[in-house]
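Peer 1: Next come a sequence and a model predicted from it.
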Amino acid sequence: MAIDARDAAGFYATPLGRLTAALLRRKLVELWPRMAGLSVLGIGHTGPFLHVWREEARCIAVSPAYMGTAPWPAGQPGLSCLTEAEELPFPDLSFDRIILIHGLEQAEHARRTLREAWRVLKDDGRLIVVTPNRRGLWAYAESTPFGHGQPYSEGQLTRLLSGLFFQVEARATALYAPPFTSVPLLKLFGLAERCGPLLAPQFAGLAIAEASKAMHGMIPAGKRALTRRIFVNNNVLGMQAKPAKKSANMK
């Protein structure tokens, strides 16, 4: 069951939530340190994270209709909209970067969500997906947004992306400390993040994957090219591409 966006915002207003957001923002900046002039789309509940690039990039947050909306963090202006994650209201090849946080594990149709991300991502763009790790404690902590929806192991996430014509370029993990609510115990977070990858990497709370578009296997869109949609592999997308007419312009 998907968590409501306002419940997610409430979590990120707690001491545990603020620490979680700060830690995850550092991971994102490590993967994408330079974003000047780029366009960034956040799918899911991304307000606590997108604002790290607000000074240099054009950021838009999309909240799926089933989650509802929540305000951006105080003092952080941003553009957001409520829509269906499987039918994004943007043209093809619109964004340089896309992040999914609380956007895949809670999606009603995860594969369709990733197909739409593929469509609106530029050919040289990058995607980051953050999901709860199936083996980690955070996937079972219903007091946090990561304890709702479908968790993934690192291997499952990689196979899902690869099957939808993404190529995984980098993988990372985060949140090795249990989801403590006691403020004194939160001091263990830093130690856990340093020791966790060495002692028990498979039990991280989050699985993080950065991917690019795999351009091999594309076929002409034929008559449907008028919509500027790119069809990749009929069987994967579940669509039947019509043969292009000789006089038609091929995308």
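Peer 2: Now that the structure is in, tell me what you want to look at. If you're wondering where the values come from, they're calculated on a predicted model, not measured in any experiment.

Peer 1: Show me the helices in the stretch 1-150 of the chain, by range?
Peer 2: Listed in chain order, the helices of the stretch 1-150 of the chain (DSSP state H, counting those that start in this stretch) span 5-12, 15-31, 47-50, 110-120.

Peer 1: Check those for me and report the most buried one.
Peer 2: Ranked by mean neighbour count, these are led by helix 47-50 with a mean of 25 (mean count of other Cβ atoms under 10 Å). In short, each C-beta sits where N, CA and C put it, glycine included.

Peer 1: Kindly format the C-alpha coordinates of that helix as PDB.
Peer 2: Extracted in PDB, the C-alpha atoms of helix 47-50 (Å, rounded to 0.1, in the frame of the first residue of the first chain):
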ATOM      1  CA  GLY A  47      10.900  17.500  -2.500                       C
ATOM      2  CA  PRO A  48      13.400  16.800   0.400                       C
ATOM      3  CA  PHE A  49      16.000  15.900  -2.300                       C
ATOM      4  CA  LEU A  50      15.600  18.000  -5.400                       C
END
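
Peer 1: so Arg134 makes contact with Phe146?
Peer 2: No. Using Cβ atoms under 8 Å, Arg134 is not in contact with Phe146, being 11.3 Å away.

Peer 1: Looking at those two, which one has more neighbours?
Peer 2: Neighbour totals were compared for Arg134 and Phe146, and Phe146 leads with 30 against 18 (other Cβ atoms under 10 Å).

Peer 1: Spit out the contact partners of that one.
Peer 2: By Cβ atoms under 8 Å, 6 or more residues apart in numbering, the contact list for Phe146 reads 102, 105, 132, 138-139, 175, 205-206.

Peer 1: same thing with Thr173?
Peer 2: Thr173 touches 133, 154, 196-197, 201, 204-208, counting by Cβ under 8 Å, 6+ apart.

Peer 1: Let me have the helices of the stretch 1-150 of the chain in JSON lines, adding mean pLDDT and distance to Ala214 as columns.
Peer 2: Output for the helices of the stretch 1-150 of the chain, formatted as JSON lines (pLDDT from 0 to 100; distance: least, Cβ to Cβ, whole Å):
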{"stretch": "helix 5-12", "mean pLDDT": "91", "distance to Ala214": "31"}
{"stretch": "helix 15-31", "mean pLDDT": "95", "distance to Ala214": "18"}
{"stretch": "helix 47-50", "mean pLDDT": "90", "distance to Ala214": "25"}
{"stretch": "helix 110-120", "mean pLDDT": "95", "distance to Ala214": "9"}
